[in-house]
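Student: Sharing a model prediction with you, sequence too.
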Amino acid sequence: EPEVTQTPSHQVTQMGQEVILRCVPISNHLYFYWYRQILGQKVEFLVSFYNNEISEKSEIFDDQFSVERPDGSNFTLKIRSTKLEDSAMYFCASNRDRGLNEQFFGPGTRLTVL
Amino acid sequence: GNSVTQMEGPVTLSEEAFLTINCTYTATGYPSLFWYVQYPGEGLQLLLKATKADDKGSNKGFEATYRKETTSFHLEKGSVQVSDSAVYFCALEGHEEDMRFGAGTRLTVKP
């Protein structure tokens, strides 16, 4: 069964450093998403991406964040200058038809900012 | 905008007990409703979904019915097992807005 994959599973970085979190969505999916879950808290929407551009983003997704689909398979989230409060689990998700089909989630990348 | 309100946890039950986790929503139009489950150390997995009023989603003994009149999508299971221990998230997705999650309810089932 196809699945969404994410790398790395755990990333540790120093405050102020740039990180890139990588995702490979399911191959025939057209909509891609990033979510964040701070430890013990709710899952928060960050951004959605369709047709090579951002379709919606939340207040959390400020200028420090960017997303890219550099090739036909990868979907990346870049945090330009990490802050302590960026420490969280980051989930990538994809689906084929927004609003009609469920989103399939990756296993997440745990980001720890020291 | 759309939002989901979910029963606060944690919930602790004995094995074979009946489970209800309440979820209500606020949305314009007719959103799709979901329950996701997060087992310890893992990502989110879809448990069940319903895409229109009166639909019942079911999976692994869990059920939830899309109730438009009460704007609810309560999760139920008649007899829980230790392996059901996890965090459960109610979520909705509208056609014009992206997915919104509830705060999550941690369920612990004791033998």
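Tutor: Cool, the structure landed.
Student: Stretch B:20-29 near chain A at all?
Tutor: No. Legend: contact between stretch B:20-29 and chain A by CB under 8 Å from any CB of the partner chain is lacking; minimum distance shown is 9.7 Å. Any C-beta I mention is one placed from the backbone N, CA and C, and that applies to glycine too.
Student: export that stretch as CSV, just CAs?
Tutor: Only the C-alpha atoms of stretch B:20-29 are listed here, as CSV (Å, rounded to 0.1, in the frame of the first residue of the first chain):
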residue,chain,number,x,y,z
THR,B,20,-17.6,7.7,23.9
ILE,B,21,-15.4,10.7,22.8
ASN,B,22,-17.5,13.7,22.0
CYS,B,23,-16.8,15.9,19.1
THR,B,24,-18.7,18.9,17.8
TYR,B,25,-17.9,21.2,15.0
THR,B,26,-18.6,24.6,13.6
ALA,B,27,-18.5,25.0,9.8
THR,B,28,-20.1,26.6,6.8
GLY,B,29,-21.5,24.3,4.3
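Student: Other residues contacting it?
Tutor: Contact partners of stretch B:20-29, identified using CB atoms under 8 Å, 6 or more residues apart in numbering or on different chains, comprise B:2-7, B:11, B:31, B:33, B:35, B:64, B:70-76, B:88, B:90, B:92, B:94-96, B:102, B:105, B:107.
Student: could you check the distance from the residue nearest to residue B:35 when sequence neighbours are not counted over to residue A:39?
Tutor: Leaving out its chain neighbours, the residue that sits closest to residue B:35 by CB to CB, 6 or more residues apart in numbering or on different chains is residue B:47, at 4.4 Å. According to CB to CB, to the nearest Å, residue B:47 and residue A:39 sit 22 Å apart.
Student: repeat for residue A:73
Tutor: Between residue A:73 and residue A:39 the distance is 30 Å, computed by CB to CB.
Student: how far is the strand or helix carrying the residue nearest to residue B:35 from where the chain is centred?
Tutor: Mapping residue B:47 onto the secondary structure by DSSP states H and E places it in strand B:44-50. Centroid separation for strand B:44-50 versus its chain: 8 Å, with CA atoms, centre = their mean, to the nearest Å.
Student: Could I get the CA-only coordinates of it as PDB?
Tutor: C-alpha atoms of strand B:44-50 as PDB (Å, rounded to 0.1, in the frame of the first residue of the first chain):
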ATOM      1  CA  LEU B  44      -1.600  10.100  12.500                       C
ATOM      2  CA  GLN B  45      -3.700   7.300  11.000                       C
ATOM      3  CA  LEU B  46      -7.200   7.700   9.600                       C
ATOM      4  CA  LEU B  47      -9.600   5.700  11.800                       C
ATOM      5  CA  LEU B  48     -12.900   6.500  10.000                       C
ATOM      6  CA  LYS B  49     -14.600   9.300   8.100                       C
ATOM      7  CA  ALA B  50     -18.000  10.500   7.000                       C
END
